[in-house]
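> Turn this into a structure:
(2 chains)
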Protein chains: 2
Amino acid sequence: MFKTAELGRKVAKAEYRDLAPALRQELLEVQQELKQNNRFPVIILFAGVDGAGKSEMVNLMNEWMDPRWLVTRAYGEPSDEEQERPEFWRFWRDLPPRGRIGLFLSAWYHRPLIDRVYQRIDEITFFRRLERILTMGDMLMDDGALIIKFWMHLSRDEQRKRLKNLEKDPLTRWRVHKQDWDHWKLYDRFIETAEHIIRHTSTGRSTWNIVEGKDSYYRALTVGTIIRDAIRHHLSGHTLKEQWQNDLAARGEELQRNPVPTISTVAATIGQSSTHLTVLSQLDMSLSQGKKDYNKALKTYQSKLNLLQRQAHEQGVSTILVFEGPDAAGKGGAIRRITAALDARHYLVRPIAAPTDEERQHHYLWRFWRLLSRAGRVTIFDRSWYGRVLVERVEGFASEEEWRRAYGEINDFEDHLLEHGIVLAKFWLHITKDEQLARFQDREQTPYKRWKLTDEDWRNRERWEDYELAVNDMLAYTNTRRSPWTLVEGNDKRHARIKILKTVCEALETRLASAQP
Amino acid sequence: MFKTAELGRKVAKAEYRDLAPALRQELLEVQQELKQNNRFPVIILFAGVDGAGKSEMVNLMNEWMDPRWLVTRAYGEPSDEEQERPEFWRFWRDLPPRGRIGLFLSAWYHRPLIDRVYQRIDEITFFRRLERILTMGDMLMDDGALIIKFWMHLSRDEQRKRLKNLEKDPLTRWRVHKQDWDHWKLYDRFIETAEHIIRHTSTGRSTWNIVEGKDSYYRALTVGTIIRDAIRHHLSGHTLKEQWQNDLAARGEELQRNPVPTISTVAATIGQSSTHLTVLSQLDMSLSQGKKDYNKALKTYQSKLNLLQRQAHEQGVSTILVFEGPDAAGKGGAIRRITAALDARHYLVRPIAAPTDEERQHHYLWRFWRLLSRAGRVTIFDRSWYGRVLVERVEGFASEEEWRRAYGEINDFEDHLLEHGIVLAKFWLHITKDEQLARFQDREQTPYKRWKLTDEDWRNRERWEDYELAVNDMLAYTNTRRSPWTLVEGNDKRHARIKILKTVCEALETRLASAQP
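Model prediction:
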């Protein structure tokens, strides 16, 4: 989940100087519009790793916007006055009225997170507190409020560096407390709990934006852009209700004209520096495997897989393998190397194409629920439910609202599978754009491969960059600890196939070694 | 919560014969429209007390509507096939496609309820299962589905009678299992758990309809009417999206023309028998107290209250008293009898009128959050947050969507208070319509009372019946075990004042006797 915020994205100083003034101007403008419109409040929450720039962002927004119309609040330990009232009293008191923006630091998400990290509260209390937060958010949004949530992120190493640097400088030394180092020592638990919070409280209406906090220019432009666009989008809905009350179509168009960017799309728009980085661009695509080693490894893992799957079958443990990746990435070949090791009665390959008429009459997850097998089987999905946030997003088959809420829906669906004890492994089989071209050309020139190449493949290729951003967002929300993605460097087919076989074997081994989940 | 479904509402046979044919016809018509429209599925869930008519309702709907377009499912213990898949697999498999209606008996709500009643699952597992159900519902509704939920209710005594009757008749004896009597013995725990489920899963988008199951004519007409109107309402939104795509206003009007009835409003429309019963009509309004006894009791309870409140103040326990009731019910007088017993530094009376301009810029609960006092104080609300579901509903100041979701919001707000350890007592101070007239006339004729009577009082009086229905619905959703209402028979002021003082004393005693909550 946080890998997408550890890419080292940055914006050069010159570029920042180029872009920041216009953004400031636009933020002031939307703030004015919001005030004029006077129909809903904007609530912006900053949470995240210490040192990732939470307070810097709050200060910057106060500098960039008109502070007379901002409500800024940071929460420490509750005062006597506050302790004598229900916990949320102080938050309610500080909520901005319609037409204004509230910037909240360490607000309602903070105490559950910290209390859980320090194990001061048990699981059910933690869970209940999150529920309460969700209820509060729903209540405010039902009333029209726009809620924007930022998780400012730093990797464990970056956080250490950042704290050290602050300590070195006499001017900033005061900012580092013993408590910060205590937190740092618990980094892993902190991040695990944070992932839980982000997953549980990212709804279609209000998703967390996970922002890489390392580079101050990058994070400033990202946060500013998202705030600007989210308010614009929300205003489109509200303003138009009045202006073009009798033209729904125009309103829809206006809303579409002001889409809310995701972290990946905003990175692609701000600057030329290294913001085009995605998780995929970090892969070492030169990885390869020699033929001899490959043949040996193939034999090893295939017999291992055969053995493991027979055990799994006896124990009634089902396996689901998901394959996604660009056209010609080698999904079919990899799948065949797996099925070759399996008993034909115990597996099924499910190629997923556009939904049928019957399927279209249902919720998009319906067809995947139907395909769940009996106990002890292997089901291999050649493309899957992730189509919702990949092809359907990129091609516009799903509306923005639909694909945005799909991340949560998919996580929930996979929870059902995992809690039933199913082994789930998800593979993104990647190739570079050049490698794809080479494979397409090879298919064109080889008569018996020609049928594999369609016009659609060429069309998809034209949207390569859009797919790459969609994949990055997909990984940000669905690459969770419970259900991780395996990214496979696929330029070398041999390397890819062995990595996949090995991962499947490991997943089965882990599951079989554990008791019933 | 269930009191409103133990009123003994019934419909006479002749009346039923009069009304049923038209309702059947209309149900067939909406079913046709739904099929034509083909944009969303309808999911109808039946749950409740055994013997309250769940399966009868499913059978009746199959008789009344065209069964070719119905999907009917009842769930028992999962089969082998089902056990080998995640729990929800069987429900997903059975979901109706767009354009159709699904009738579900003992579906996804059933197992968590039973498992919790028999203490087979702990609190957190129960909680998680409810969350999962909510997530599933949200997912389907986001996709357009209409979900209608019925809780068929019987009191403990009625259930016993019903089981006995079934047993007596050789033709129905087979329907009563040992398990039914086991359930019956756990009636109280069953109802407590049911209340938890209904509270937790009644959202603005999909509320539970609690139907009194005693009379078969009444329940049939109620269930049929709600299904008809809920589908019509949902269709208004969908059909119009196409027909009058460029006329939002018309769409709003059309939606309003097809409101979804509540249990109280539907009872008022079906028949003349005893369906006009409300919780208020059950009160014994003749209760009264002699003057001498009154003076004695007043002294007793006032000194008791004084003592208790001093203790509460020392311990930092706050008290919130809520007074609602018709104009001239005697709220002011009752409040003065309380404050007379308190230290003036420790209480505040908060009269609640229309919101100010500043308050209107916020969520409607904001002003009540602000008024929460420091520890150890008594705050008396003369009218309160319940205005949302009373005056604002009746006068149309809140939209149907707004007041419907307010029940849940109010329950949640009161949870915050209770969990903080605040003593909360809510009084509905009731008078009859005749008594109100007498008091109005007295006010008109007594010079020093004349200021109390306004034109608004007369206007409100004209809507007496609407208010009575709104109160009945309010009690259905907010009269919970944790936060019960006290209904006060107010025709005799002395009786009313003593009952109120006594209740406040008892609430304080209970709270002070318990450890920190």
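> hey, let's count contacts and neighbours off CA atoms from now on
Noted.
> any idea which helix or strand comes after the helix or strand containing residue A:162?
Element membership for residue A:162 (DSSP states H and E) is helix A:156-168. Sequence order places helix A:178-185 as the next helix or strand after helix A:156-168, per DSSP H and E.
> residues in contact with the helix holding residue A:162?
A:49, A:50, A:51, A:52, A:172, A:173, A:174, A:175, A:176, A:184, A:187, A:214 (C-alpha atoms under 8 Å, 6 or more residues apart in numbering or on different chains).
> Of the residues you listed, keep whichever come out buried.
A:49, A:50, A:51, A:52, A:176, A:184, A:187, A:214 (16 or more other C-alpha atoms under 10 Å in any protein chain shown).
> Is the third one part of a helix or strand, or is it coil?
By that I understand residue A:51. Assigned by DSSP: H, G, I helix; E, B strand; the rest coil, the conformation of residue A:51 is coil.
> mind listing what it touches?
Counted by C-alpha under 8 Å, 6+ apart, residue A:51 has contacts A:154, A:159, A:162, A:163, A:213.
> Can I get the helix holding residue A:162 in PDB, CA atoms only?
Extracted in PDB, the C-alpha atoms of helix A:156-168 (Å, rounded to 0.1, in the frame of the first residue of the first chain):
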ATOM      1  CA  ARG A 156      11.400   3.900   7.800                       C
ATOM      2  CA  ASP A 157      14.900   4.900   6.600                       C
ATOM      3  CA  GLU A 158      13.700   8.300   5.300                       C
ATOM      4  CA  GLN A 159      12.000   9.000   8.600                       C
ATOM      5  CA  ARG A 160      15.200   8.200  10.500                       C
ATOM      6  CA  LYS A 161      17.200  10.500   8.200                       C
ATOM      7  CA  ARG A 162      14.700  13.200   8.600                       C
ATOM      8  CA  LEU A 163      14.700  13.100  12.400                       C
ATOM      9  CA  LYS A 164      18.500  13.100  12.400                       C
ATOM     10  CA  ASN A 165      18.600  16.100  10.100                       C
ATOM     11  CA  LEU A 166      16.200  18.000  12.300                       C
ATOM     12  CA  GLU A 167      18.300  17.200  15.300                       C
ATOM     13  CA  LYS A 168      21.500  18.400  13.700                       C
END
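> List the buried residues for it?
Buried, per 16+ other C-alpha under 10 Å, within helix A:156-168: A:156, A:158, A:159, A:160, A:162, A:163, A:166, A:167.
> so which one among the residues you listed has the lowest pLDDT?
Ranked by pLDDT, the buried residues of helix A:156-168 bottom out at residue A:166, which has 86.
> For that one, give its distance to residue A:14.
Going from residue A:166 to residue A:14 by C-alpha to C-alpha, to the nearest Å gives 25 Å.
> Next: residue A:132.
Note on residue A:132: its distance to residue A:14, by C-alpha to C-alpha, is 45 Å.
> Compare these two (neighbour count), which wins?
Shown here are residue A:132 and residue A:14; by other C-alpha atoms under 10 Å in any protein chain shown, residue A:132 has more neighbours (17 against 9).
> just the strands in the stretch 401-517 of chain A please.
Residue ranges of the strands in the stretch 401-517 of chain A, as given by DSSP state E, counting those that start in this stretch, are A:423-430, A:485-489.
> any chance of these in JSON lines, with distance to chain B, mean pLDDT and mean neighbour count too?
Listed next are the strands of the stretch 401-517 of chain A as JSON lines, based on distance: least, C-alpha to the nearest C-alpha, whole Å; pLDDT from 0 to 100; neighbours: other C-alpha atoms under 10 Å in any protein chain shown:
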{"stretch": "strand A:423-430", "distance to chain B": "12", "mean pLDDT": "98", "mean neighbour count": "22"}
{"stretch": "strand A:485-489", "distance to chain B": "21", "mean pLDDT": "97", "mean neighbour count": "21"}
